[in-house]
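Asker: Got a sequence here, can you model it:
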Amino acid sequence: MFEAIIFDVDGVLVDSMRFHADAWVEAFREAGISIKREDIYEIEGGNDRGIVRSIFEKSGKNPGPEDFESIPRRKREILDLSLIKPFEGVVSCLDKLRDKFRLALVSGSSRLVVGTVIENFFSGIFEVIVTGSDVENGKPAPEPYLKAVEKLSLPEDECLVVENAPMGIEAAKNAGLYCVAVSSTLGPERLQHADLIFENHVELFRYFKSLIHD
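Answerer: Numbering: from 1, shown residues only. The predicted structure follows:
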């Protein structure tokens, strides 16, 4: 029986991935590295350091210490947070879920970005919040989810994770957690390591409804 639901943010609660990806594309372009949206989608969920490291490695280059600071900082400057909105039905769904479950957030985005999204749309809903700024090893390492479970003070088998990206699913499974995934950014075939896969949010909400009435 699940006692808590741990949500990823980008691509699960808010329709934001294309804006994050475009901001990364521009920030890396200014740093002399050409990438596409899909390159970010592939490593979605990683924290800033992980994304910089992955993109440099893919480009056959080594990042310098300053790259880990300057590129994410430039990405945050480019990102227009006013474009980010919750997926339709998410807020009302969370209102229903919190009557039965403890709710937590685990995001690879920075504390500043996650804080703004929470303040704008989800104030007072989540008991535990873990951002990319709060961990040394971001997704696919289990650290973000293990930290959330520790803060919830619950056994792993009482926590359900909701993800939308391969690295997030891997992080949840590495942490020994049951993980469902919604295909909001990548196709279902890329999410095959999740315990359950939903093609859209309507299917995900239907699953939540079944949990509420169990």
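
Asker: The longest helix along the chain - what's its average pLDDT?
Answerer: What stands out as the longest helix in the chain, according to DSSP state H, is helix 17-30. Averaging pLDDT along helix 17-30 gives 96.

Asker: and if you look at stretch 206-214?
Answerer: 92.

Asker: so how far is it off the chain centroid?
Answerer: On the basis of C-alpha atoms, centre = their mean, to the nearest Å, stretch 206-214 sits 22 Å off its chain's mean C-alpha point.

Asker: what sits up against it?
Answerer: Outside stretch 206-214, the residues that touch it by C-beta atoms under 8 Å, 6 or more residues apart in numbering are 1-2, 93, 96-97, 99-101, 160, 180, 196, 198. For the C-beta atoms, the positions are set from N, CA and C on the backbone; glycine is no exception.

Asker: Among those, which are located in helices?
Answerer: 93, 96-97.

Asker: Which of those residues are buried, as a PyMOL select command?
Answerer: Command for PyMOL, covering only those of these found buried under the criterion 16 or more other C-beta atoms under 10 Å:
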select buried, resi 93+97
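
Asker: between the ones in helices among the contacts of stretch 206-214, which is nearest Ala148?
Answerer: Closest approach between these and Ala148, by C-beta to C-beta: Leu97, at 15.9 Å.

Asker: any idea of the pLDDT on that closest one?
Answerer: pLDDT at Leu97 comes out at 97.

Asker: residues in contact with it?
Answerer: Per C-beta under 8 Å, 6+ apart, neighbours of Leu97: 5, 103, 208, 212.

Asker: Emit the ChimeraX select command for whichever of those are buried.
Answerer: Selection command for ChimeraX covering only the buried members of these, criterion 16+ other C-beta under 10 Å:
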select :5,103,208
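
Asker: Among the contacts of Leu97, which ones are in strands?
Answerer: Counted as lying in strands by DSSP state E, out of the contacts of Leu97, are 5, 103.

Asker: With distance to Thr116 added, can I get the ones in helices among the contacts of stretch 206-214 in TSV?
Answerer: Shown next, in TSV, are those (distance: C-beta to C-beta, whole Å):
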residue	distance to Thr116
Cys93	21
Lys96	25
Leu97	22
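
Asker: which one of the ones in helices among the contacts of stretch 206-214 sits closest to Phe56?
Answerer: Relative to Phe56, the closest of the ones in helices among the contacts of stretch 206-214 is Cys93; by C-beta to C-beta it sits at 38.1 Å.

Asker: hmm, back to that, contacts for the longest helix of the chain next, please.
Answerer: 10-11, 34-37, 40-41, 44, 51, 55, 71-72, 74-76, 78-80, 83-84, 109, 184-185.

Asker: got TSV for the contacts of stretch 206-214, with distance to Asn62 too?
Answerer: Formatted as TSV, those follow (distance: C-beta to C-beta, whole Å):
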residue	distance to Asn62
Met1	48
Phe2	43
Cys93	44
Lys96	48
Leu97	44
Asp99	50
Lys100	49
Phe101	44
Leu160	39
Val180	37
Leu196	39
Phe198	39
